[in-house]
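> Fold the following.
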Amino acid sequence: MPSDNPPAAMTDDTRAILRLHLVNGVGPVIQERLLAAYGSAERVLNASVAELKEVEGVGPKLASAITAAKNSEEADSEWERCEAAGYRILTRGAESYPQNLAEIPDAPPLLYCRGELLPRDQLAIAVVGSRRCSIYGTQQAEKLSAALARAGVTIVSGLARGIDAAAHRGALSVGGRTLAISATGVANIYPEEHAELAEQISNSGAVLSEFRLDQHPSPGLFPQRNRIISGLSLGVLIIEATRNSGSLHTARHATEQGREVMAVPGRIDSLASEGCHDLIRDGAILIRHADDVLAALGPLMKPVKTAQDEEVRSPRELSLNDQERAVLNLIADDPRHLDEILRSTALDASRVLATITVLEMKRLVRRLPGGYFVRSLF
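This is a model prediction of the structure:
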């Protein structure tokens, strides 16, 4: 679906980034080295072949291709196709670029976006797992994704068959938001039978890719895109993974990026869940239901507003009922005395005290000496 906000005219910086990005052989690692060496894509394109060959991994053939890209019209053609289709190109450093993803060391310099990203997509959880999943795996992926989406969490997955598709559909089933990270171009959906699913996702979130519009599937691109799945998310939830599952690559990226790794257990003798059981044995958080996921996540770097325009500082707040949320909002970052809290609400004192106790147990409020309370940051 075309975005309601059509892309603006391409800037010179964006053109240079796109030209460099479209050079065959310039993957994320080489691109990072080039940008680190020269500071900008424009300077990379203006460098000589001899200078470019000094960058690790850049040989004569690739260096020549990079210098030739300085005058290439392919970037303009790609931009025009995006504009015609209603897609956007998001460059790293721009306000529209996902904040969570920008934090990782090897964030893609640009993303193709089919749909729309919202600030509340910072409250995101990746749900991934096996393509060849059981009915149990499908049920758990749909149920957990639906519950998390209903709470206000954006579900991130890879648009693959099996668990990924179930996760997207679970979020869509409750009118939630979901992001699909494609290992092909956003104009060339893979697998083909997920074209309709991709369209539904773009209407309730976005399909994202770092690859050119018409990129076809290639085995090496799937592990590469997995770092984006984890990078966009506060944590990664693995459902049904064998010991050879590609979703374990996503779990490793999550660990390297400082994200929480969570796993749903299966039958103890299930080969389909051996990878999940290994993760749990090695320290991943065992997940039984959506509240376990929310409880596992720490505070956000910055408060995020939900669809109801409420400010959330920790994903744990999404599991609160209306009364708990109302009492939490009476407690500030600065210490506030119980008497002042009670005077500022029409709720019975007994209810307020009981609710504060619940909030303490959920580590959202801290009790200080002298009858004072403060919002907890951890």
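
> so where do the helices sit in the stretch 51-200 of the chain?
Here the stretch 51-200 of the chain has its helices, by DSSP state H, counting those that start in this stretch, at 60-68, 74-85, 99-102, 135-151, 163-173, 195-203.

> Just name the most buried of the ones you listed.
Greatest average neighbour count among these goes to helix 163-173 (a mean of 26), per mean count of other C-beta atoms under 10 Å. C-beta: built from backbone N, CA, C; applies to glycine.

> Can you spell out which helices and strands pack onto that one?
Packing contacts for helix 163-173, counted by 3 or more C-beta pairs under 8 Å, 6 or more residues apart in numbering; DSSP states H and E, involve strand 124-129, helix 135-151, strand 154-157, strand 178-181, helix 195-203.

> ok, back up a step: now for the helices of the stretch 51-200 of the chain, which one comes closest to residue 122?
helix 99-102 (5.7 Å; C-beta to C-beta).

> How far does that closest one sit from its chain's centre?
Remark: helix 99-102 is offset 8 Å from the chain centroid, using C-alpha atoms, centre = their mean, to the nearest Å.

> next one: stretch 15-32
Taking C-alpha atoms, centre = their mean, one finds the center of stretch 15-32 at 22 Å from the center of the full chain.

> What are the buried residues along that stretch?
Buried positions in stretch 15-32, judged by neighbour count with 16 or more other C-beta atoms under 10 Å: 15-21, 23, 26-28, 30-31.

> swap in stretch 349-359?
352, 355, 356, 358, 359.

> Pick the one among the residues you listed closest to residue 114.
The closest of these to residue 114 turns out to be residue 359 (C-beta to C-beta; 40.3 Å).

> Can you point out the helix or strand that includes the closest one?
Using DSSP states H and E, residue 359 falls within helix 349-361.

> Tell me which strands the helix or strand just after that helix pairs with, and in which orientation.
Moving toward the C-terminus from helix 349-361, the next helix or strand (DSSP H and E) is strand 365-368. According to DSSP bridges, strand 365-368 has the following sheet partners: strand 372-375 (antiparallel).

> list the buried ones in the strand it pairs with?
Taking 16+ other C-beta under 10 Å as the neighbour-count basis, strand 372-375 is seen to contain the buried residues 372, 373, 375.

> okay, those residues in a markdown table with distance to residue 224 and pLDDT next?
Shown next, in a markdown table, are the buried residues of strand 372-375 (distance: C-beta to C-beta, whole Å; pLDDT from 0 to 100):
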| residue | distance to residue 224 | pLDDT |
| --- | --- | --- |
| 372 | 51 | 94 |
| 373 | 47 | 94 |
| 375 | 40 | 89 |
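
> Pick the one among those closest to residue 114.
residue 375 (38.3 Å).

> Pretty sure the closest one sits against residue 329.
No - Residue 375 lies out of contact with residue 329 (C-beta atoms under 8 Å); the separation is 9.7 Å.

> From residue 174, how far out is the residue nearest to the spatial centre of the chain?
For the chain, the residue nearest the mean C-alpha position is residue 232 (2.2 Å; C-alpha atoms, centre = their mean). The spacing between residue 232 and residue 174, counted by C-beta to C-beta, to the nearest Å, is 20 Å.

> how far away is residue 311 from residue 70?
46 Å.
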